[in-house]
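[1] Sequence plus predicted model, see below.
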Amino acid sequence: MTPLANLAKQAVETYITTKKIIKPPKNFPSTFLKKRAGVFVTIEEKDQELRGCIGTYLPVRNNIAEETIYNAIAAATEDYRFMPIQKSELPNLTYTVSILGQPEQILDISDLNPKKYGVIVSTPDRLKTGLLLPDLAGVDTVEKQIIIACQKAGINLSQEKIVLYRFTTEKYQ
């Protein structure tokens, strides 16, 4: 397990069992303590069934390590699609941390590729925003990627205009 995935695991396990939020270890790789970026944490059961996924597409914490800790806890306890993770589930979970590259606005969907780029859709006023990570199972067309991101945002494509952004990720498992 990579240091970032292990940090996500430690953050979730500590929070679920003690309600305490850990700090990054002193000897944590310095690149994750010095850089800031958006981070998504995906928690799955061992059979690869999604159990929680929450993140930030722009950084809100001091560094990637802190972003990972807080987003891991949120993925475990605040993903509206699932009940909060229980202590009995902890041994059966896997963690993926995705560090997001800087989002760039695109004007043409031909600039998307669901295997390479994640997508952010928003209304022009940014009141509704949805994000879909790249390279997800079953998401093999740009159209499907955009539709799912719009559904997550509550955007009705037939009635609302959208602005599209793409981003890359670095995955750590």
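    Perfect, thanks for sending it.

[2] What distance do you get for residue 108 to residue 166?
    11 Å (CB to CB, to the nearest Å). The C-beta positions use only the backbone N, C-alpha and C, and glycine is treated the same way.

[3] An error on my part: the question was meant for residue 92.
    Counting by CB to CB, the gap from residue 92 to residue 166 is 34 Å.

[4] One more: residue 15?
    Counting by CB to CB - residue 15 and residue 166 are separated by 32 Å.

[5] Assign a three-state SS to the residue nearest to residue 79 when sequence neighbours are not counted, would you?
    Nearest non-adjacent residue to residue 79, counting by CB to CB, 6 or more residues apart in numbering: residue 52, 4.1 Å away. Secondary structure for residue 52, judged by DSSP: H, G, I helix; E, B strand; the rest coil, is strand.

[6] so what's residue 52 up against?
    41, 42, 43, 75, 76, 77, 79, 81, 82, 85 (CB atoms under 8 Å, 6 or more residues apart in numbering).

[7] can you give me the helices in this structure?
    3-18, 30-34, 64-77, 142-153 (DSSP state H).

[8] could you give the mean pLDDT of the shortest one?
    Summarised as a single mean, pLDDT over helix 30-34 is 96.

[9] Need the residues that contact that helix.
    3, 4, 24, 63, 64, 65, 68.

[10] from memory the fourth one sits against residue 28, does it?
    Right, residue 63. No - contact criterion CB atoms under 8 Å: residue 63 and residue 28 do not qualify, at 9.4 Å.

[11] rewinding a little: which one of the contacts of helix 30-34 sits closest to residue 48?
    Each of the contacts of helix 30-34 was scored against residue 48 by CB to CB, and residue 4 proved nearest at 19.1 Å.

[12] tell me the contacts of that closest one?
    So residue 4 contacts 32, 64, 65, 68, 97, 99, 172 (CB under 8 Å, 6+ apart).

[13] how does it look with 6 Å?
    Contact analysis of residue 4 by CB atoms under 6 Å, 6 or more residues apart in numbering lists 68, 97, 172.

[14] what's the closest non-adjacent residue to residue 117?
    residue 166 (4.0 Å).

[15] and that neighbour, how many neighbours?
    Neighbourhood size, residue 166 [other CB atoms under 10 Å]: 20.

[16] Check the gap between it and residue 40 for me.
    Where residue 40 is concerned, residue 166 sits at a distance of 15 Å (CB to CB).
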